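Trainee: Just need the structure, nothing else, for what follows:
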Amino acid sequence: MCLAVPGKVVEIVGDDPLLRSAKVSFAGVIKLVSLTCTPEARLGDYVLVHVGVAISTVDPAEAAETFRYLQQMGELDGLELPAAAPAAPGGPPAP
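Mentor: Modelled structure (predicted):
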């Protein structure tokens, strides 16, 4: 089974579309991730990461839902998840 995990882009490194990467936070654990497959990713976006490569961008609600599933499966034991931000009027809470 393959698993892609959502993370939040906290820093962009480089500007060449083929070599661009980002520091991505996974519940506070920061990893360097390739953005080659997601040239649209920007600072603050959530990306799905598989084996060190961001394969797509996702909205914050989908990222939060994925984190909840991983937590229910016990895959996030030992990590502190960020507190959810207050919900925007009419919208889901931000992770």
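
Trainee: how about the closest residue to L18 other than its chain neighbours, phi and psi?
Mentor: By the measure of C-beta to C-beta, 6 or more residues apart in numbering, the closest residue to L18 outside its immediate chain neighbours is T36, 5.9 Å from it. No exception for glycine: its C-beta is placed from N, CA and C like everyone else's. Dihedral pair for T36: phi -60, psi -40, per degrees, to the nearest 10.

Trainee: cool, R68 as well?
Mentor: Main-chain torsions, R68, degrees, to the nearest 10: phi -60, psi -40.

Trainee: I'd like the distance between it and Y46.
Mentor: If you measure R68 against Y46 using C-beta to C-beta, to the nearest Å, the figure is 14 Å.

Trainee: Compare the two and say which is more crowded by neighbours.
Mentor: Neighbour totals were compared for R68 and Y46, and Y46 leads with 26 against 13 (other C-beta atoms under 10 Å).

Trainee: Any figure for the gap between the more buried one and V10?
Mentor: Between Y46 and V10 the computed distance is 11 Å (C-beta to C-beta).

Trainee: wait, G52 sits on V33?
Mentor: Yes - taking contact to mean C-beta atoms under 8 Å, the distance of 5.9 Å between G52 and V33 places them in contact.

Trainee: More neighbours: which of those two?
Mentor: Neighbours of G52 and V33, each counted by other C-beta under 10 Å, are more numerous for V33; the result is 23 against 11.

Trainee: So what pairs up with that one in the strands?
Mentor: Beta-bridge partners recorded for V33 (DSSP bridges): A22.

Trainee: For stretch 28-46, measure first residue to last.
Mentor: Taking C-alpha to C-alpha, to the nearest Å, the span from the opening residue of stretch 28-46 to its closing residue is 14 Å.
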